[in-house]
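Colleague: Provided below are the primary sequence and the corresponding predicted coordinates.
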Amino acid sequence: MSDEPADWAFAPAAAPLGAAKFCGHAAARDASASPRDLSIYSMRFPVRQRLRRQADFLAVRSQGRRRHCDAFLAQLLVWPESREPRHRRLGVIASARTGGAVKRNRAKRVMREIFRHNQDVLPPVCDLVIIIRPGFDRYTFGQIQEYFQQVCQSLARSQTAAR
């Protein structure tokens, strides 16, 4: 054997136990990162706020109240405060009638962003389903956001009056 180090000696050391796994963002891996660096995570649309199961969509569609506007149809189902999970949740439906995949995906992104910024107008524990209508892309972001606020305020008032 020679005195030269083996090639495997230059391999990176294993991460210490308890270290954060790689998630694509340097601030999440660095324990000394400032809260400002982690603010990108507060801007995400977390999984806990998404309607994911068909049963959840069907419950809102069958039991919820609905409001129409030119760009979309909104259906809201308010749950008791004691229900788990205790979040406002959103589901967006964009059928093929809405347009091609690019239009449907953009419509869903726009609605998720509007929901993320304006969810405070909704009751604290509720499920909201938005059904995108054909022609959604004719409206500006500001117009859709205004429709969303009006519809959600109307739905929230009608749900609290019905209780």
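Modeller: Received, thanks. Numbering: from 1, shown residues only.
Colleague: Every contact and neighbour count from this point should use C-alpha atoms.
Modeller: OK.
Colleague: ranges for the helices of this structure?
Modeller: With DSSP state H as the criterion, the chain has helices at 26-29, 39-42, 54-63, 101-118, 141-162.
Colleague: helices or strands next to the third one in the packing?
Modeller: In other words, helix 54-63. Using 3 or more Cα pairs under 8 Å, 6 or more residues apart in numbering; DSSP states H and E as the contact test, the elements touching helix 54-63 are strand 72-78, strand 126-132.
Colleague: quick one: buried residues of that helix?
Modeller: Residues of helix 54-63 classed as buried under the neighbour-count rule (16 or more other Cα atoms under 10 Å) are 57, 60-61.
Colleague: cool, the last one as well?
Modeller: Taking 16+ other Cα under 10 Å as the neighbour-count basis, helix 141-162 is seen to contain the buried residues 144-145, 147-149, 151-153, 155-156, 159.
Colleague: outside of it, which residues touch it?
Modeller: For helix 141-162, the external contacting residues (Cα atoms under 8 Å, 6 or more residues apart in numbering) are 65-69, 71, 74-78, 110, 114, 118, 121-123.
Colleague: Restricting to C-alpha, output it in PDB.
Modeller: As requested, the backbone C-alpha atoms of helix 141-162 are provided in PDB (Å, rounded to 0.1, in the frame of the first residue of the first chain):
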ATOM      1  CA  PHE A 141     -56.500  39.100 -12.000                       C
ATOM      2  CA  GLY A 142     -57.900  42.100 -10.200                       C
ATOM      3  CA  GLN A 143     -61.400  41.400 -11.600                       C
ATOM      4  CA  ILE A 144     -61.300  37.800 -10.500                       C
ATOM      5  CA  GLN A 145     -60.000  38.800  -7.100                       C
ATOM      6  CA  GLU A 146     -62.900  41.200  -6.700                       C
ATOM      7  CA  TYR A 147     -65.400  38.600  -7.700                       C
ATOM      8  CA  PHE A 148     -63.800  36.100  -5.300                       C
ATOM      9  CA  GLN A 149     -64.100  38.600  -2.400                       C
ATOM     10  CA  GLN A 150     -67.700  39.400  -3.100                       C
ATOM     11  CA  VAL A 151     -68.800  35.800  -3.600                       C
ATOM     12  CA  CYS A 152     -67.000  34.600  -0.400                       C
ATOM     13  CA  GLN A 153     -68.400  37.400   1.700                       C
ATOM     14  CA  SER A 154     -71.900  36.500   0.400                       C
ATOM     15  CA  LEU A 155     -71.400  32.800   1.100                       C
ATOM     16  CA  ALA A 156     -70.000  33.400   4.500                       C
ATOM     17  CA  ARG A 157     -73.000  35.600   5.400                       C
ATOM     18  CA  SER A 158     -75.500  33.100   4.100                       C
ATOM     19  CA  GLN A 159     -73.800  30.200   6.000                       C
ATOM     20  CA  THR A 160     -73.700  32.000   9.300                       C
ATOM     21  CA  ALA A 161     -77.400  33.100   8.800                       C
ATOM     22  CA  ALA A 162     -78.400  29.500   8.100                       C
END
